[in-house]
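A.B. asks: kindly return the folded structure for what I paste below:
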Amino acid sequence: MCLRKKVGFVVFYQKQNIFSFNALVAAIETERKLNDIEIYFIRGKENLYNDLEEISDKHESTVLAISFFTTQLWEVRDLVKSLRKKYGTKVLFIAGGPHPTGDPEGTLKMGFDLVVRGEGEETLIEILTNAKNNKSLNEIKGIAYLDKDGKIILTKKREWLDLNKYPALPSRNIKYGAIEITRGCPYVCYFCQTPYILGTTPRHRSIKSICDAVKIMKEYEKTDIRFITPNAFSYGSQDGKTLNLPELELLLISIEKIIAPKGRIYFGSFPSEVRPEHVTDETLGLVRKYAANDNIVIGAQSGSQKILNSCNRGHTIDDVYNAVKLTVKSGLIANVDFIFNLPNETDEDINLTIDFMKELSILGAKIHTHSFIPLPQTVFANEAVKKINEKTKKVISELTSKGLAYGDWKKQEKLAEDIANYFNRRN
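C.D. replies: Sure, this is the predicted structure:
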């Protein structure tokens, strides 16, 4: 008869959520007291449903971690419901990520035992340590749970994490992906969760720490390097607004030395973007000199200055126009984000956005189309959602047919309606 191991930690490793789990597992690996914990990465709902049985039989305690966005809440709700029915209390269900952080009570009522609020590295280490030692989880900082009367309990908030305390990628449980180089955003756009979850003061991972992750990837012949950051050109900046180009260039030089001669850097393109006012001849020059991407993603969001102001964007229409003009002149493609149906829009604002999209497309930009989605914990969380009007749809269709627009606005429009209804029913 095999002895059961103490704790099994199961990560639901979905495509949309792998980057955060890479950082979390990297942090767990640094704790020697957790070296005996087995970590399982499971893709797909069916695999998770089936594999948990064998895993829970092999361990005294099994901890399942699921990270998700608000747009995923229905599939996660249904998944947890089915898992609870099969496994009951044999598995400790913990949730983290943008939606659970913004809506901890609703997440707990979906069937989770604990919600990790905000950054998860130190919280998760404590959860696993206490699970291993049969200690209470209730006093751990940065979590939420329901007491015996169904009342939500929020424990004390954690201090912001020094990103250099833990590696960016795991070195034993090898996983690859975009490397997170910055957390926190000073702009506090009213539709965005980032500053509410990760703070308004930028925290940058050191060049050494980033390069250590690049070396791990190179060891396994993964030399296409991408980054996660709220604003790529702000790397090294103390306030996130004033650029630090020497530090940014040093980062790119340092990575290039590691991955040469065949490796490629992708900077300012998916999965990150850049602020329009930070697009200059100098920043574009760094992209052209060191990066392999043929495009950058520029956040515009609206063609109405009134709407930009009401969203607290902190830049002007002219900033966007100049960014596109400079980008195209440099030989790069300008992919420009627009969000339709932002709160407070009038017909005049919509027409200004339509005209601006046309103007930018004439310059050579491609329009990346989005629908406004109300997200928990943001200023716009409780704002009403609307259907995109026919005039806007026609322009999007025309631009798309010419290869000048792309995006999931239709899917997002439906999700926005469902999300708004979900929160309205709760309220």
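A.B. asks: now the strand or helix carrying Glu359: mean pLDDT?
C.D. replies: Element membership of Glu359, judged by DSSP states H and E, is helix 347-363. For helix 347-363, mean pLDDT rounds to 97.
A.B. asks: where does this protein dip in pLDDT?
C.D. replies: Within the chain, the ranges that satisfy pLDDT under 70 run 1-4, 427.
A.B. asks: on that earlier part again, only C-alpha atoms, please: export the helix holding Glu359 in CSV.
C.D. replies: Extracted in CSV, the C-alpha atoms of helix 347-363 (Å, rounded to 0.1, in the frame of the first residue of the first chain):
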residue,chain,number,x,y,z
ASP,A,347,-24.3,60.6,-30.8
GLU,A,348,-21.8,63.4,-31.3
ASP,A,349,-19.1,61.4,-29.5
ILE,A,350,-19.9,58.3,-31.5
ASN,A,351,-19.6,60.3,-34.8
LEU,A,352,-16.3,61.8,-33.6
THR,A,353,-15.0,58.2,-33.0
ILE,A,354,-16.2,57.0,-36.4
ASP,A,355,-14.5,60.0,-38.1
PHE,A,356,-11.3,59.5,-36.2
MET,A,357,-11.1,55.7,-37.0
LYS,A,358,-11.5,56.6,-40.7
GLU,A,359,-8.8,59.3,-40.4
LEU,A,360,-6.4,56.9,-38.8
SER,A,361,-7.1,54.2,-41.3
ILE,A,362,-6.2,56.6,-44.1
LEU,A,363,-2.9,57.2,-42.4
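A.B. asks: what's the neighbour count on the nearest residue to Phe21 once chain neighbours are set aside?
C.D. replies: Distance criterion Cβ to Cβ, 6 or more residues apart in numbering; nearest residue to Phe21, sequence neighbours excluded, is Val11 at 5.1 Å. Using the backbone N, CA and C atoms, a C-beta is placed for each residue, glycine as well. Val11 has 25 neighbouring residues, counting by other Cβ atoms under 10 Å.
A.B. asks: then Ile94?
C.D. replies: Ile94: 26 surrounding residues under other Cβ under 10 Å.
A.B. asks: going forward, begin numbering at 831 instead of 1
C.D. replies: Okay, using 831 as the starting number, the last item reads as Ile924.
A.B. asks: right, and the helix or strand after the helix or strand that contains it?
C.D. replies: Secondary structure assignment for Ile924, by DSSP H and E: strand 921-926. Per DSSP H and E, strand 921-926 leads on to helix 928-932 as the next helix or strand towards the C-terminus.
A.B. asks: contacts for that following helix, please.
C.D. replies: Here helix 928-932 makes contact (Cβ atoms under 8 Å, 6 or more residues apart in numbering) with 897-900, 902-903, 937, 942, 945-948, 1023, 1026-1027, 1205-1208, 1211.
A.B. asks: return the distance of it from the chain's centre.
C.D. replies: Centre-to-centre, helix 928-932 and its host chain are 11 Å apart (Cα atoms, centre = their mean, to the nearest Å).
A.B. asks: now name the helix or strand holding the residue nearest to Ala1195 when sequence neighbours are not counted.
C.D. replies: The shortest distance from Ala1195 to any non-neighbouring residue, by Cβ to Cβ, 6+ apart, is to Ala1164 (4.2 Å). Under the criterion of DSSP H and E, Ala1164 resides in strand 1163-1170.
A.B. asks: which strands or helices does that strand pack on?
C.D. replies: strand 1125-1131, helix 1147-1160, helix 1177-1193, strand 1196-1201 (3 or more Cβ pairs under 8 Å, 6 or more residues apart in numbering; DSSP states H and E).
A.B. asks: which secondary structure elements does the longest one contact?
C.D. replies: Under the contact criterion of 3+ Cβ pairs under 8 Å, 6+ apart, the helices and strands touching helix 1177-1193 comprise helix 1135-1140, helix 1147-1160, strand 1163-1170, strand 1196-1201, helix 1220-1231.
A.B. asks: could those go into CSV alongside mean neighbour count?
C.D. replies: As requested, the helices and strands packed on helix 1177-1193 are arranged in CSV below (neighbours: other Cβ atoms under 10 Å):
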stretch, mean neighbour count
helix 1135-1140, 17
helix 1147-1160, 19
strand 1163-1170, 22
strand 1196-1201, 22
helix 1220-1231, 15
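A.B. asks: based on its surroundings, how many neighbours for Ser1099?
C.D. replies: With other Cβ under 10 Å as criterion, Ser1099 counts 22.
A.B. asks: in which helix or strand does it reside?
C.D. replies: Ser1099 belongs to no helix or strand, assigned by DSSP H and E.
A.B. asks: which residues sit against stretch 1212-1222?
C.D. replies: 1170-1171, 1173, 1180-1181, 1183-1184, 1201-1204, 1226, 1239, 1243, 1246-1247, 1249-1250, 1253, 1257.
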